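A.B. asks: sequence plus the predicted model coming up.
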Amino acid sequence: MLKIKSAETCTFDEVSLGEVMLRLDPGEGRIHTTRSFRVWEGGGEYNVARGLRRCFGMRTAVVTAFAENAVGRLIEDFILQGGVDTRFIKWIPFDGVGRNVRNGLNFTERGFGIRGALGVSDRGNSATAQMKKGDIDFENIFGTMGVRWLHTGGIFAALSDTTAGVIEEAFNAAKKHGTIISYDLNYRPSLWKSIGGKDAAQKVNRQLAKYVDVMIGNEEDFTACLGFKVEGVDEGLSALDTAGYKKMIDDVVKEFPDIKVVATTLRTVKSASVNDWGAICWAEGKFYEAQHRENLEIMDRVGGGDSFASGLIYGLMTKGDPAYAVECGAAHGALAMTTPGDTSMATLAEVEKIMKGGGARVER
């Protein structure tokens, strides 16, 4: 199914390409009324590398860029704490006020009950958004050092008119050296709003999709980013019909025949605090469905999809079994949403316990 390079021949098991922002979290309060924030680091592509490192013990690194100031160094400090290698960070001299370059900020409140989560990103003109072809020596990363798996996605592709070119450059080097490529579509309307909306998103993502081995998305990404329709769902995604998603995935792999695995999370939002949560995976013509968890209680939904992706990748890399991989991803995503912040605080033992149907009784 996937021809993954051996660990012995590579410096890294996985490398993520994307932006890492400083997340400012008002806790139980609101962004527009709070007087204090708790800070974390986060970014869709990076969260996968951190989950693979901290929960699953794999060797990971991140390719990104920061303005050289104390905020950039704070984000770096979080990355170091998570055990993700920082040697591929591109540091840009800071001009003193952020006129030319800055670091991305992401204000996010978690939501509760009938009040949905709210994200307010402040990431324009960031160092990562200014990345362009030629900035990173991908031949050194994928050829000389060796990487088993590259992960990136549609958030980084949407940051500017140069970042999709960086992805394509990385994809070409990864393909040349036999690195598996996964791509999370991760549609964010706010990122595409002023640069062409869904039409632009589909043009960019369809160009990149032809390189991808493992395509990941959620219940709305495949429609918004690639233009595939899911039959039997309403605009509000109030109920998800698995059969409709399987039909959609069949259409995806017919149009992009080099894709070897497609995985999507299935989330029905009953309230900000209670979601139905599941996932399906397609590989080699067969579908695999994770345990569907109805009425899953959630503390912080941000990063749930990224933790699904890291669990899925871990399962595919270590077991080569799509059934295990989709269960691992769904369990890891569910656990990640029980704690605050973008990144997982779960352990592999906890993930495997949940996969086996373990409950929440106290352990002493």
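C.D. replies: Structure received.

A.B. asks: and the lowest-mean-pLDDT helix or strand in the chain, C-alpha only, in CSV?
C.D. replies: Scoring the helices and strands of the chain by mean pLDDT, DSSP states H and E places helix 242-255 at the bottom, with a mean of 90. Provided in CSV are the C-alpha atoms of helix 242-255 (Å, rounded to 0.1, in the frame of the first residue of the first chain):
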residue,chain,number,x,y,z
THR,A,242,-21.3,7.6,6.0
ALA,A,243,-22.5,6.2,2.7
GLY,A,244,-22.4,9.7,1.2
TYR,A,245,-18.8,10.1,2.3
LYS,A,246,-17.8,6.7,0.9
LYS,A,247,-19.3,7.7,-2.5
MET,A,248,-17.4,11.0,-2.4
ILE,A,249,-14.1,9.3,-1.6
ASP,A,250,-14.7,6.9,-4.6
ASP,A,251,-14.9,10.0,-6.7
VAL,A,252,-11.7,11.5,-5.2
VAL,A,253,-9.6,8.5,-6.0
LYS,A,254,-11.0,8.1,-9.5
GLU,A,255,-9.9,11.7,-10.3
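
A.B. asks: mind listing what's buried in that helix?
C.D. replies: By neighbour count on 16 or more other C-beta atoms under 10 Å, the buried set for helix 242-255 is 245-246, 248-249, 252-253. Placement of C-beta: from N, CA and C, glycine included.

A.B. asks: cool, stretch 157-167 as well?
C.D. replies: Applying 16+ other C-beta under 10 Å to stretch 157-167 flags 157-160, 163-164, 166-167 as buried.

A.B. asks: what's the answer for stretch 276-286, then?
C.D. replies: Here stretch 276-286 shows 276-283 as buried, counting by 16+ other C-beta under 10 Å.

A.B. asks: which single one of those is nearest to Ala290?
C.D. replies: Ala279 (4.4 Å; C-beta to C-beta).

A.B. asks: gap between the helix or strand encompassing that closest one and the chain center?
C.D. replies: Assigned by DSSP states H and E, Ala279 belongs to strand 274-283. From the chain centre to the centre of strand 274-283 is a distance of 15 Å (C-alpha atoms, centre = their mean, to the nearest Å).

A.B. asks: what helices or strands is that strand leaning on?
C.D. replies: helix 242-255, strand 261-269, strand 286-289, strand 293-297, helix 304-318, helix 322-336 (3 or more C-beta pairs under 8 Å, 6 or more residues apart in numbering; DSSP states H and E).

A.B. asks: I'd like these as CSV, with distance to Gly98 appended.
C.D. replies: CSV is the format used below for the helices and strands packed on strand 274-283 (distance: least, C-beta to C-beta, whole Å):
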stretch, distance to Gly98
helix 242-255, 40
strand 261-269, 35
strand 286-289, 47
strand 293-297, 40
helix 304-318, 27
helix 322-336, 32
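
A.B. asks: Gly285 and Val261, how far apart?
C.D. replies: 11 Å (C-beta to C-beta, to the nearest Å).

A.B. asks: sorry, slip of the keys, the one I care about is Gly72.
C.D. replies: Taken as C-beta to C-beta, the span from Gly72 to Val261 is 35 Å.

A.B. asks: just Arg301 next, same as before
C.D. replies: Taking C-beta to C-beta, one finds Arg301 at 24 Å from Val261.

A.B. asks: higher neighbour count, the two?
C.D. replies: Val261 (25 against 22; other C-beta atoms under 10 Å).

A.B. asks: who touches that one in this structure?
C.D. replies: Counting by C-beta atoms under 8 Å, 6 or more residues apart in numbering, Val261 touches 1-2, 213-215, 281-283, 316, 322.

A.B. asks: could you identify the least confident member of those?
C.D. replies: Lowest in pLDDT among the contacts of Val261 is Met1, which has 86.

A.B. asks: what about that one, how many neighbours?
C.D. replies: 12.

A.B. asks: next: the one 5 residues further on.
C.D. replies: Residues near Ser6, counting by other C-beta under 10 Å, number 8.

A.B. asks: next one: Ala323
C.D. replies: 15.

A.B. asks: any idea what the closest residue to it other than its chain neighbours is bridged to?
C.D. replies: Nearest-residue entry for Ala323: Tyr288, 4.6 Å, with adjacent residues in sequence omitted and distances by C-beta to C-beta, 6 or more residues apart in numbering. Assessed by DSSP bridges, Tyr288 has beta-bridge partners Cys281.

A.B. asks: OK, contacts around Tyr288?
C.D. replies: 280-282, 322-323, 325-326.

A.B. asks: go on, Gly29?
C.D. replies: Per C-beta under 8 Å, 6+ apart, neighbours of Gly29: Glu109.

A.B. asks: would it count as being in a helix?
C.D. replies: No: counting by DSSP: H, G, I helix; E, B strand; the rest coil, one finds Gly29 to be coil, located in no helix.

A.B. asks: measure Asp77 to Ala346 for me?
C.D. replies: 22 Å.

A.B. asks: equivalent analysis for Leu208, please.
C.D. replies: 30 Å.

A.B. asks: one step back: which of Asp77 and Ala346 has more neighbours?
C.D. replies: Applying other C-beta under 10 Å to Asp77 and Ala346 shows that Ala346 carries more neighbours, namely 24 against 12.

A.B. asks: pretty sure the more buried one contacts Met337?
C.D. replies: No: taking contacts as C-beta atoms under 8 Å, Ala346 lies outside contact range of Met337: 10.0 Å.
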